[in-house]
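1. Provided below for reference: sequence and predicted model.
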Amino acid sequence: MHPAPSIIFFTVFSGLGFGMLAFLGLGKPDVSGFTAFVFFAIAYLLAVGGLISSTFHLGNPQRAIKAFSQWRSSWLSREGCLAVATLVVMGLYAIGVVFFNTRIVPLGLLGAILSVATVFATSMIYTQMKTVPRWHHWTVPLLFMGYALTGGAFLTGQIQLATAGFATIGLMQVIYWVLGDNRFQQSGSTLETATGLGHIGKARMFEAPHSSKNYLMKEMVHVIGRKHARTLRIGGLVLASILPWAILMFLGFSHIMALLALIIHVTGALMTRWLFFAEAEHTVGLYYGQR
Amino acid sequence: MTTLPTQTEKKLGLVIDLDTCVGCHACVVSCKGWNTENYGAPLSDQNAYGKDPVGTFLNRVHSYEVQPAQGAAQTIHFPKSCLHCEDAPCVTVCPTGASYKRVEDGIVLVNESDCIGCGLCAWACPYGAREMDAAEGVMKKCTLCVDRIYNENLPEEDRQPACVRTCPAGARHFGDLADETSDVSKLVAERGGFDLMPEQGTKPVNKYLPPRPKDEQIDILAPLLDPVAAEPQGFLGWLDKTLERIG
Ligand code: SF4
Ligand code: SF4
Ligand code: SF4
């Protein structure tokens, strides 16, 4: 799949933002006044910034409001509704915390649940795609929620949780890769099933329908850059998980170290998210003799 | 509404004969023509006369080579457009309700004034039957020529999809696949029509007819035409050798 920068930024940063909101909703850290304002501002900036970036890849963003209508069937619609609900609930909760020094606990709890649900809905947009066997797996929601909550824990100063989180996402990332590498084969789709010609023999693309590329190939048959996948995987794993974990584990906490760990982690998360798209093979690639 | 109807009254669709398709791309051209001039946003091209031309098409013809365990390989031309699936995953993923499947005839359509161009439906289609138009930013797909098949302004013989009407080989057939007595249903039963990627669980309405087995012997007279002499003899033999020596 085409790794569109707008979607990579959206999933990584809005994930971080909603992860932060989840912890803020639980009263972690227990702050009020201007300090609380700064925390909420960062969380909203990330969450909303991510959401805005996701509209960059729309063909007709001016109609985006219509995307809230189909929550009964569509995960994308559900995600939109949940995101707005989270932002509203957490906004009300934030007003209490920042201006009145009161924590409305049930409201915060609801906001925290909605935050996690939003990230879950984002992940389900990909997980539901049977056409992309690598995504169509339970590891994907865990991975997305893992990244969001780890980043959220770290940004809200929950150092112990974040340390455990960095280790966990590394492990989950490896599991996702190991299980994912065979998923296309296991799905059973081949050029023979795609054309229905398997009863005659082995099929091979003889001639493409057009001499140039098309939307389908650009969007879903992205094979460029995959040859560096191994290097990028190792790099992503080291940056997103191992290094931040090691910094927190062995160097102790200081603000400068935390900033460093954050930058390293986000760089790694962007790398693994890039791979999440670039390595995902869509069944339509079969028709084009590529995957 | 992007929830799917549990059942549709009719299942209008195409039956595509892989035996007779000659790969002339006439259906590609007529589809592009009709759907650029009629229903919805035109099918645009970008850089049409430049170095890397791209454009939106609702129907494309691929060509494959199939190698049996024994004997010669076969070339098979393979037209592909939307299969109007019963369990269309492209419909349920749509966040706006722009994508829908009609209850009355099962045609899968996009309401372009609701489409935000998120592209998710194209991801959900296993077959690559949906293409985003780069000029309009809305999703385009085969409409089964909904503006022809019911169009009373057209003479009756033209109330068929443009691709079906155009195909010079008669490789595309249109009809109701829910009706067992329809010509298309009979054709599917007779020729063993099949689904593409059944493992995806989309239950396509469109069916494909397999290529007929190749004739074992091309001509009954062929055995009589065996070469008379493998090695030239006599004068021809002498000529052959002499020429070889000179050459
Ligand atoms: S072929 Fe693709 S676009 Fe057409 S109905 Fe099936 S899934 Fe949808
Ligand atoms: S591209 Fe348009 S039709 Fe397709 S899912 Fe998005 S809004 Fe719906
Ligand atoms: S039915 Fe109409 S829209 Fe569909 S492929 Fe044929 S010509 Fe194109």
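-> Looks like it arrived, so ask away. Residues are numbered from 1 along each chain as shown, chains lettered A, B, ... in the order given. Ligands and ions are numbered 1, 2, ... in the order given.
2. can you tell me what sits against the helix or strand containing residue B:35?
-> Using DSSP states H and E, residue B:35 falls within helix B:26-37. Applying Cβ atoms under 8 Å, 6 or more residues apart in numbering or on different chains, the contact partners of helix B:26-37 are A:209, B:42-43, B:55, B:57-61, B:79, B:81, B:140, B:142-143, B:145, B:148, B:161-168, B:172. (Glycine included, C-beta is placed from N, CA and C.)
3. give me the buried positions along it.
-> By neighbour count on 16 or more other Cβ atoms under 10 Å in any protein chain shown, the buried set for helix B:26-37 is B:26-28, B:30-32, B:34-36.
4. ok, and the closest non-adjacent residue to the residue of chain A most remote from its centre?
-> The outermost residue of chain A, judged against the average C-alpha position, is residue A:200 (42.4 Å), by Cα atoms, centre = their mean. Closest residue to residue A:200 apart from its sequence neighbours, by Cβ to Cβ, 6 or more residues apart in numbering or on different chains: residue B:66 at 4.7 Å.
5. contacts only, for the residue of the stretch 1-150 of chain A found nearest ligand 1.
-> Per Cβ to the nearest ligand atom, residue A:131 is where the stretch 1-150 of chain A lies closest to ligand 1, at 8.6 Å. Under the criterion of Cβ under 8 Å, 6+ apart, the neighbours of residue A:131 are A:282-284, B:89, B:123-126, B:200.
6. make it 6 Å
-> Contact analysis of residue A:131 by Cβ atoms under 6 Å, 6 or more residues apart in numbering or on different chains lists A:282-283, B:126.
7. one more: residue B:194?
-> If you count contacts by Cβ under 6 Å, 6+ apart, residue B:194 has them with A:196, B:208.
8. partners of it in the sheet?
-> Legend: beta-bridge partners of residue B:194 under DSSP bridges are residue B:208.
9. show the buried residues in the contacts of helix B:26-37.
-> A:209, B:42-43, B:55, B:57-61, B:79, B:81, B:140, B:142-143, B:145, B:148, B:161-167, B:172.
10. list the buried ones in stretch B:4-11?
-> Those buried within stretch B:4-11 under the rule 16+ other Cβ under 10 Å are B:4, B:8, B:10-11.
11. what do you get for stretch B:119-139?
-> Taking 16+ other Cβ under 10 Å as the criterion, stretch B:119-139 shows B:119-134, B:136-139 as buried.
12. so of those, which ones are in helices?
-> Under the assignment DSSP state H, those contribute B:120-124 to helices.
13. pretty sure residue B:56 sits against residue B:43.
-> Yes. Here residue B:56 reaches residue B:43: they are 4.3 Å apart, a contact under Cβ atoms under 6 Å.
14. backbone dihedrals for residue B:13, please?
-> Backbone torsions for residue B:13, taken as degrees, to the nearest 10, come to phi -170, psi -170.
15. so what's it up against?
-> Counted by Cβ under 6 Å, 6+ apart, residue B:13 has contacts B:84, B:177, B:205-206.
16. helix or strand for residue A:48, which one?
-> helix A:33-54.
17. out of the contacts of helix B:26-37, which touch ligand 3?
-> With Cβ under 6 Å from any ligand atom as the criterion, those include B:58-59, B:81, B:142-143, B:145, B:161-163 near ligand 3.
18. show the average pLDDT along stretch A:189-202.
-> Taken as a whole, stretch A:189-202 has a mean pLDDT of 94.
19. hey, where'd the helices end up in chain B?
-> Under DSSP H, chain B gives helices at B:26-37, B:89-92, B:120-124, B:146-149, B:162-166, B:183-191, B:234-246.
20. need these in a markdown table with mean pLDDT, can you?
-> Shown next, in a markdown table, are the helices of chain B (pLDDT from 0 to 100):
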| stretch | mean pLDDT |
| --- | --- |
| helix B:26-37 | 96 |
| helix B:89-92 | 96 |
| helix B:120-124 | 97 |
| helix B:146-149 | 95 |
| helix B:162-166 | 97 |
| helix B:183-191 | 96 |
| helix B:234-246 | 83 |
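21. and the residue of the stretch 1-150 of chain A nearest chain B?
-> residue A:59 (2.0 Å; Cβ to the nearest Cβ).
22. distance of residue A:142 relative to residue A:173?
-> Counting by Cβ to Cβ, to the nearest Å, the gap from residue A:142 to residue A:173 is 10 Å.
23. where are the low-confidence patches of the stretch 101-250 of chain A?
-> In the predicted model of the stretch 101-250 of chain A, residues A:225 satisfy pLDDT under 70.
24. and residue A:117, that's in a strand?
-> No. Looking at residue A:117 with DSSP: H, G, I helix; E, B strand; the rest coil, it is helix, so not inside a strand.
25. tally up the residues packed near it, please.
-> When counting by other Cβ atoms under 10 Å in any protein chain shown, one arrives at 20 neighbours for residue A:117.
26. was I right about it contacting residue A:81?
-> No. Applying Cβ under 6 Å, one finds residue A:117 not in contact with residue A:81, separated by 10.0 Å.
27. find residues that contact each of those two.
-> Common neighbours of residue A:117 and residue A:81 (Cβ under 6 Å, 6+ apart) do not exist.
28. what residues are up against the spatially most central residue of chain B?
-> Per Cα atoms, centre = their mean, the C-alpha nearest to the average position across chain B is that of residue B:79, at 2.3 Å. By Cβ under 6 Å, 6+ apart, the residues touching residue B:79 are B:16, B:27, B:61.
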